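A.B. asks: below: sequence and its predicted model.
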Amino acid sequence: MKVVIYCNRIIAALIKESTTRDIIFNKNFDFFAPNYILIEINKYKSFIIDKAKISEENFDILLSLIFQNIIVIPKNIYNKFIKKFKYKIKDQKDIPYLAAAFAIKADGIWTHDTDFKDQKEIQIFSNIDMLNLIRSNSQALNIFLT
């Protein structure tokens with residue numbers, strides 16, 4: 001399943017070991033993100049390090065591990081879809097995520113940002129949705145194996 005991951009999920013995973021981090025490392029999903037995500041995460045680096053009470057070196061290691069599970073989409077892949085979403089969402093910094101999801105024909109965007117509810121073109125997944133997808137996939141596998 002192709003899912004575009006929003007920066008708030010990565011920030012949550014960086015701050016503490018949690019369900020979010022477990023989902024990121026779950027092999028049921030192919031995660032993608034627009035290259036813009038790197039700018040956003042860098043913007044909050046000091047906040048994350050402070051909140052997580054980790055060193056900069058540990059931040060870099062954890063970020064690297066997380067991004068081993070995420071394919072970063074170059075802007076030239078989704079740029080032509082930016083205009084399509086310009087007026088479909090309030091927060092303009094969210095447009096690259098919508099455009100990237102549309103460009104790669106993703107099944108949805110995993111975020112807890114409520115601004116995404118304003119648009120109806122791309123499905124939005126919460127942590128609960130992601131856990132339900134894992135559970136249903138696991139049940140389907142059990143049926144197949146028995």
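C.D. replies: Right, received. Where do you want to start?
A.B. asks: where's residue 8, which helix or strand?
C.D. replies: helix 7-15 (DSSP states H and E).
A.B. asks: wait, isn't residue 32 in contact with residue 106?
C.D. replies: Yes. Taking contacts as C-beta atoms under 8 Å, residue 32 lies within contact range of residue 106: 6.4 Å. Using the backbone N, CA and C atoms, a C-beta is placed for each residue, glycine as well.
A.B. asks: what residues are shared contacts of these two?
C.D. replies: Common neighbours of residue 32 and residue 106 (criterion: C-beta atoms under 8 Å, 6 or more residues apart in numbering): 2, 3, 4, 100.
A.B. asks: hmm, residue 43 and residue 93 touching each other?
C.D. replies: No. Counting by C-beta under 8 Å, residue 93 stays clear of residue 43, with 10.0 Å between them.
A.B. asks: from residue 109, how far off is the nearest residue to residue 98 once chain neighbours are set aside?
C.D. replies: Of all residues not flanking residue 98 in the chain, residue 85 sits nearest, at 4.3 Å (C-beta to C-beta, 6 or more residues apart in numbering). Here residue 85 is placed at a distance of 11 Å from residue 109 (C-beta to C-beta, to the nearest Å).
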